[in-house]
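Enquirer: based on what follows, work out the 3D shape:
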Amino acid sequence: MKNCTHIFTNVSIYLIIAQLTTLTPTLAQGQFVEGYIITSGQDTIRGLVRDENWAVSPWRIDFKSLNGEKWTYAAENIIGFGIVASKEIYKSRKIGILNINLTQTYTLAPSLEARDSAQVFLPELVGGGRATLFGFLDRTERSRFFIEKDHQLKELFYYPFYRSIDDKNYLIVYDEYKKQLEKLCADAERFRDPLPPYQERYLKEYINSYNATFTKDSTRYPAGGHRMTLDLELCAGAENWKEDRITVQNKATFGFGFRVNFPRKFYNRYARLNVLLTPDVELGFYPQALTSQTLKTLEIGFGRHFGSGEVRPYFGVNASIVNRGYRTDFVGLHAGISYKRLLTIEVGHFGNFYCLLTKSPFLIQPRVSLHYFANLSLKHSRMR
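Expert: Purely as a prediction, here's the structure:
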């Protein structure tokens, strides 16, 4: 009975943390940055646009005028908006929505005919020429692309799906976009570029090259604000750990490492690699042969910050690999709070995923540490 209660308690704590991790992103809000809107009367009004690093193409935006008035504009109400720092332009367009789901297995091939539509803001990836390329992020955060030419907007179709044939499942890909591009670009006799993969970078190059056969005025909008950034990490704190082979109680720990910050819709996510040193720890495999040594730990972690303000909480998973096996290798949780993602206070290895397989508790003695991150990239990301 005691063992069942222990398992139930650990599972409950784990499920609560998993639920909080799922819900917290929905509370995140963007910050106001320099931008403008284009009204239905073709007027440009400058002010501040709430930049939310949209993981799904937005259907409305928040705008603050220079005199401080705040407005919310739906895609039906204005022509578009722009963000100055990242040189991004979003245009309001009505698009067809296809419901082709990669997680579903079809007995009949799904139709490419749109059954629903939505008015959204689409980022203009290439403009100023004969053809304009737009991007679209659907509800699954997958990128889709649209071409506008002669005032007609068409989706470039690329849809993988599973189909059941004779009780076997096959992965089938609709790649109609290749035929669409050939047809759309057929009016450029000197244009002979190979058909691109269905990815933003290559489609931008292709459409820009097509436009250049007619005029040199086409513009491929840079994604300069959407690069990964690299930080040097320095940390110091107090290490705590208790098990049969080793007990560490509030021992000074210091270390260094690197953090990669991901761009675009993943802008709050990161990956980390750290080397941690805890001096003067009694180490050894036998009680009679303990010596004072430096405990060396290599940690690899993944996580995410929440929100976009100067102060943001963060949460992640990390694995610890200990030199010579003096301490048990570990897979667990870390969490903390950061200031501008440059200075953080962190509670490390406080959750133990092995608890479901052993009688150890889920919550264990944590490491408490202070971390400083120095940006090593030549340019900062659009939103730290």
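
Enquirer: for the stretch 51-200 of the chain, just list every one of the helices.
Expert: Under the criterion DSSP state H, counting those that start in this stretch, helices of the stretch 51-200 of the chain are mapped to 177-184, 200-212.

Enquirer: what does the longest one rub up against?
Expert: Pointing back at helix 200-212 there. The contact list for helix 200-212, computed with C-beta atoms under 8 Å, 6 or more residues apart in numbering, reads 125-126, 128-133, 135, 143, 145, 147, 156, 181, 185, 188, 191, 193, 195-196, 218, 220, 223. Quick note: C-beta positions are derived from backbone N, CA and C, even for glycine.

Enquirer: so what angle separates the directions of it and helix 177-184?
Expert: 10 degrees (axes from the mean of the first three to the mean of the last three C-alpha atoms, to 10 degrees).

Enquirer: and helix 200-212, C-alpha only, in CSV?
Expert: The C-alpha trace of helix 200-212 is given here as CSV (Å, rounded to 0.1, in the frame of the first residue of the first chain):
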residue,chain,number,x,y,z
GLU,A,200,10.9,29.4,-47.5
ARG,A,201,14.6,30.0,-48.4
TYR,A,202,14.5,28.3,-51.7
LEU,A,203,11.1,29.6,-52.7
LYS,A,204,12.2,33.1,-52.0
GLU,A,205,15.3,32.7,-54.2
TYR,A,206,13.2,31.2,-57.0
ILE,A,207,10.5,33.9,-57.1
ASN,A,208,13.1,36.6,-56.7
SER,A,209,15.0,35.2,-59.7
TYR,A,210,11.7,35.0,-61.7
ASN,A,211,10.9,38.6,-60.9
ALA,A,212,14.4,39.7,-61.9
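
Enquirer: so which bits of it are buried?
Expert: 200, 203, 204, 206, 207, 208, 209, 210, 211, 212 (16 or more other C-beta atoms under 10 Å).

Enquirer: and stretch 263-283, by the same measure?
Expert: So for stretch 263-283, counting by 16+ other C-beta under 10 Å, buried means 263-265, 267-270, 272, 274, 276-278, 281, 283.

Enquirer: low-confidence stretches in the stretch 251-384 of the chain?
Expert: Low-confidence segments of the stretch 251-384 of the chain (pLDDT under 70): 264-265, 308, 355-360, 378-384.

Enquirer: please identify which of the buried residues of helix 200-212 is nearest to residue 331.
Expert: residue 200 (34.4 Å; C-beta to C-beta).

Enquirer: ok, back up a step: quick one: the helices of the stretch 51-200 of the chain as TSV, columns for mean pLDDT and distance to residue 367 too.
Expert: Converted to TSV, the helices of the stretch 51-200 of the chain look like this (pLDDT from 0 to 100; distance: least, C-beta to C-beta, whole Å):
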stretch	mean pLDDT	distance to residue 367
helix 177-184	94	50
helix 200-212	91	40
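
Enquirer: got those as TSV, with distance to residue 332 columns?
Expert: Output for the helices of the stretch 51-200 of the chain, formatted as TSV (distance: least, C-beta to C-beta, whole Å):
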stretch	distance to residue 332
helix 177-184	44
helix 200-212	36
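
Enquirer: to residue 85, which of those helices lies closest?
Expert: helix 200-212 (19.5 Å).

Enquirer: any idea how far the spatially most central residue of the chain is from residue 35?
Expert: By C-alpha atoms, centre = their mean, the chain has its centre lying nearest to residue 266, at 1.2 Å. Going from residue 266 to residue 35 by C-beta to C-beta, to the nearest Å gives 22 Å.

Enquirer: could you find the closest non-adjacent residue to residue 135?
Expert: residue 123 (4.9 Å; C-beta to C-beta, 6 or more residues apart in numbering).

Enquirer: circling back: which among the contacts of helix 200-212 count as buried?
Expert: Here, 16+ other C-beta under 10 Å leaves 125-126, 129-133, 135, 143, 145, 147, 156, 181, 185, 188, 193, 196, 218, 220, 223 buried among these.

Enquirer: which residues sit in contact with the residue nearest to residue 135?
Expert: Here residue 123 is in contact with 88, 89, 90, 134, 135, 221 (C-beta under 8 Å, 6+ apart).

Enquirer: surely the third one touches residue 120?
Expert: Read it as residue 90. No: if you go by C-beta atoms under 8 Å, residue 90 and residue 120 don't touch, sitting 9.0 Å apart.
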